[in-house]
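Asker: Structure of the sequence below:
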Amino acid sequence: MSKSSSETDELYTQIHRRMVESGEWDRFLRLLSSKLSEHGWSDELCHRAKERARVMDPLSFRTVLEEISSHAQATVPPPIRREITNVIRQYVKDQFEK
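Answerer: This is a model prediction of the structure:
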């Protein structure tokens, strides 16, 4: 039997709350940030945002953010995405084994 969308959302919320309360969420974010910086992804994204803002007339923060956000999500290097996903999976697995 599959879970309903609301049950899945509730489970996600509970797991996320545990991650935040335990400090794991911050650890995951630091790990992701570190990996992206090592790969040059953060600098490239910053450069892309600056260039987009430079040619935009009139300048719109919201438009730059929307464009950069979609680009950012699409360009996370697959090895980094897999590594972070595996770290989170292991955390969730460990939580259910307790």
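
Asker: got any ranges where this protein has weak pLDDT?
Answerer: Per-residue confidence of the chain (counting by pLDDT under 70) places the weak regions at 1-3, 98.

Asker: List the buried residues for the lengthiest helix in the chain?
Answerer: In the chain, ranked by residue count with DSSP state H as the criterion, the top helix is helix 78-97. For helix 78-97, the neighbour count (16 or more other CB atoms under 10 Å) marks 80, 84, 88, 91 as buried. Where you see a C-beta, it was placed from the backbone N, CA and C, and this is true even at glycine.

Asker: Over to the closest residue to the third one other than its chain neighbours: give its phi and psi.
Answerer: Setting aside the residues directly before and after it, Ile88 is nearest to Phe28 in space (CB to CB, 6 or more residues apart in numbering), at 6.3 Å. Listed backbone geometry of Phe28 is phi -60, psi -40, with angles given as degrees, to the nearest 10.

Asker: dump the residue contacts of the closest residue to Lys35 other than its chain neighbours.
Answerer: Excluding its sequence neighbours, the residue lying closest to Lys35 (CB to CB, 6+ apart) is Ile80, at 4.7 Å. Neighbour list for Ile80: 32, 35-36, 39, 41 [criterion: CB atoms under 8 Å, 6 or more residues apart in numbering].
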